[in-house]
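Colleague: What shape does this take:
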Amino acid sequence: MDKEFLAFLAKKVGPDALKSLQSNHYEQLQYIVQKFCKNVKLKFTGNKNDYVPYKMHLDCPAIKEYITEPYKEELTKGEWIITFTYDDVKLMFDPIIDRIIKLIREQLYSIDPCFAMVLVGGFSQSQYLQTCIGEEFRPMIKHISVPDQPLVARCTSKSRIRISNTSKLRKPNKLFS
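Modeller: Residues are numbered from 1 along each chain as shown. All right, here's what the predicted structure looks like:
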């Protein structure tokens, strides 16, 4: 997801400016990515009626020295604010979610039966991802859960965990009850 965001950002500031920022001021780039994650990535639900366009102020001093025309003129006119519309964000999310659903489906075909699914990693905190996974797999899997610390929990596609007592899974929200 972060790669999709960076591709979007490159269209706004120019690919050379983004590469220079990444090479010379990586910590400032990470600050921008974290702002996006906090204000957009984790809050996006996929519901157009709930979405309020997010306006990110490019308050990163280093990037301004790398931006050239025509990007600089556009950003200056907009007072160094980049607006994320619903469609912008959905275009970032959907290819990633489609790939995740495809990977899960492939794993489900290789095991039978599957009684529980645990979503792990930072992206599992996304409300939109949780909704899409729930809609897609709820008919097949009774228990879908996200651990308290999904960033800490990690697994690979080669790992399989059989849970014999699914009643011990935490039920973090209404979607995954």
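Colleague: so how far is the longest helix anywhere in the chain from its chain's centroid?
Modeller: Secondary structure of the chain per DSSP state H: the longest helix is helix 86-110. Distance of helix 86-110 from the chain centroid (Cα atoms, centre = their mean, to the nearest Å) equals 11 Å.
Colleague: Give me the contacts around it.
Modeller: The list of residues contacting helix 86-110 from outside it, by Cβ atoms under 8 Å, 6 or more residues apart in numbering, reads 1, 4-5, 8, 40, 44, 46, 48, 51, 53-54, 114, 117, 123, 126, 128-129, 132-133, 136-137, 140-141, 157. Every residue, glycine included, has its C-beta placed from N, CA and C.
Colleague: Go through these and flag which are in helices.
Modeller: Short answer: those in helices (DSSP H) are 4-5, 8, 128-129, 132-133, 136-137.
Colleague: Could you break this structure into its assigned domains?
Modeller: Split into domains by automatic domain parsing, the chain comes to 2-90, 112-176.
Colleague: Could you dump these into a markdown table with mean neighbour count, distance to D98 and mean pLDDT added?
Modeller: Output for those, formatted as a markdown table (neighbours: other Cβ atoms under 10 Å; distance: least, Cβ to Cβ, whole Å; pLDDT from 0 to 100):
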| stretch | mean neighbour count | distance to D98 | mean pLDDT |
| --- | --- | --- | --- |
| domain 2-90 | 15 | 12 | 94 |
| domain 112-176 | 14 | 9 | 71 |
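Colleague: how about those domains in a markdown table, adding distance to I100?
Modeller: A markdown table is the format used below for the domains of the chain (distance: least, Cβ to Cβ, whole Å):
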| stretch | distance to I100 |
| --- | --- |
| domain 2-90 | 13 |
| domain 112-176 | 7 |
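Colleague: about what we covered before: which parts of the longest helix of the chain are buried?
Modeller: Residues 86, 88-89, 92-93, 96-97, 100-101, 104 are the ones in helix 86-110 that count as buried (16 or more other Cβ atoms under 10 Å).
Colleague: on that earlier part again, now the ones in helices among the contacts of helix 86-110 as JSON lines including distance to P61?
Modeller: Formatted as JSON lines, the ones in helices among the contacts of helix 86-110 follow (distance: Cβ to Cβ, whole Å):
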{"residue": "E4", "distance to P61": "25"}
{"residue": "F5", "distance to P61": "20"}
{"residue": "F8", "distance to P61": "21"}
{"residue": "Y128", "distance to P61": "32"}
{"residue": "L129", "distance to P61": "33"}
{"residue": "C132", "distance to P61": "37"}
{"residue": "I133", "distance to P61": "39"}
{"residue": "E136", "distance to P61": "43"}
{"residue": "F137", "distance to P61": "45"}
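Colleague: who are the neighbours in contact with the residue nearest to Y128 when sequence neighbours are not counted?
Modeller: Nearest non-adjacent residue to Y128, counting by Cβ to Cβ, 6 or more residues apart in numbering: G46, 4.2 Å away. Going by Cβ under 8 Å, 6+ apart, G46 touches 90, 93, 127-128, 131-132.
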